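**Student:** Give me coordinates for this.
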Amino acid sequence: IMLNRMGEMPRAVGYLRRLARLEPNDPALLSMLGETLNDTFAYHEARPVLERVLRLDPNDSDAYAQLGISWTNDASAPDHLQQAERALRRATTLNPLNAEARLALGRLYLRENQPRAAVSQLEEAGRLMPQNSRPPFELANAYNLVGQPAKAAVMRARFLSLRQTSMRVSALQKRTVVSPGNFDYPYELGTIELRRGDYRKATIWLT
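**Tutor:** I've put the predicted structure just below:
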């Protein structure tokens, strides 16, 4: 978990593979391994892991979402987009509030030249994760394709605003580590997290 959060995915994969050999029937652990393999583009290895998760827990919406993401990004199979759509639609059926599945399905529909279907999924993804910059980025493209340039412009502006906030948070976190006695940095971080609605993080920084 720590290595994943530090962005050291290859090292994390090594530990997770070993853990999966020790605990081959732990769906939470296998899910983490499958997602991390997806993040490192090891789609061929990720899919059998995710399929094992689904044998252990057939109602795991997140595993279906990750399986769909894996199929979407692996063009080595001729029917990969059809496989991806089936998995992602299953994920949203099991859990309509699965934001990652909605986002991935919206991206898939854009690739399949179905912008109207994409808009509906991406709008829901944006509602479910309002502080994430990925849905507005994709929505800007989708709105352009369905002939709604005004909405596309709003989404582009929202994407830029969210990305700037994310970059500011990253810079402030680094400055807090370098200068732990400067309380302006954690104060600003706390106020940003309050605006973003993450009260747990806000409490940590303000405390």
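**Student:** What does the pLDDT read for Arg111?
**Tutor:** The model reports Arg111 with a pLDDT of 94.
**Student:** need the contact list for it.
**Tutor:** 72, 81 (CB atoms under 8 Å, 6 or more residues apart in numbering). Every residue, glycine included, has its C-beta placed from N, CA and C.
**Student:** just Asp57 next, same as before
**Tutor:** Asp57 neighbours (CB under 8 Å, 6+ apart): 27, 63.
**Student:** how close does the residue positioned nearest the centre of the chain sit to Ala91?
**Tutor:** Note on the chain: the residue nearest the mean C-alpha position is Glu100, at 5.2 Å, using CA atoms, centre = their mean. Taking CB to CB, to the nearest Å as the measure, Glu100 falls 8 Å from Ala91.
**Student:** likewise Arg17?
**Tutor:** With CB to CB as the criterion, Arg17 and Ala91 are 24 Å apart.
**Student:** out of the two, which sits in the busier spot?
**Tutor:** Legend: neighbour count by other CB atoms under 10 Å for Arg17 and Ala91, higher for Ala91 (26 against 14).
**Student:** quick one: that one and Tyr64 touch, right?
**Tutor:** Yes. With contact defined as CB atoms under 8 Å, Ala91 reaches Tyr64; the gap is 3.7 Å.
**Student:** what about the most far-flung residue of the chain relative to its centre, is that helix, strand or coil?
**Tutor:** Relative to the centre of the chain, the most outlying C-alpha is that of Gly181, 33.9 Å out, by CA atoms, centre = their mean. Following DSSP: H, G, I helix; E, B strand; the rest coil, the label given to Gly181 is coil.
**Student:** got the phi/psi numbers for it?
**Tutor:** phi -90, psi 0 (degrees, to the nearest 10).
**Student:** quick one: it and Tyr199, what's the gap?
**Tutor:** Gly181 is 25 Å from Tyr199, by CB to CB.
**Student:** Same question for Gly14.
**Tutor:** Gly14 is 35 Å from Tyr199, by CB to CB.
**Student:** who touches both of Ala91 and Tyr64?
**Tutor:** Joint contacts of Ala91 and Tyr64 (CB under 8 Å, 6+ apart) are Ala101.
**Student:** Show me which positions of the longest helix along the chain end up buried.
**Tutor:** Longest helix in the chain by number of residues (criterion: DSSP state H): helix 149-178. Buried positions in helix 149-178, judged by neighbour count with 16 or more other CB atoms under 10 Å: 151-152, 155-156, 158-159, 162, 169, 172, 175-176.
**Student:** Let's see the lowest-mean-pLDDT helix or strand in the chain as CSV, backbone CA atoms only.
**Tutor:** Here the helix or strand of the chain ranked lowest by mean pLDDT, DSSP states H and E is helix 2-5, holding a mean of 82. Extracted in CSV, the C-alpha atoms of helix 2-5 (Å, rounded to 0.1, in the frame of the first residue of the first chain):
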residue,chain,number,x,y,z
MET,A,2,2.8,2.4,0.9
LEU,A,3,4.7,1.7,-2.3
ASN,A,4,1.5,2.2,-4.4
ARG,A,5,0.9,5.6,-2.8
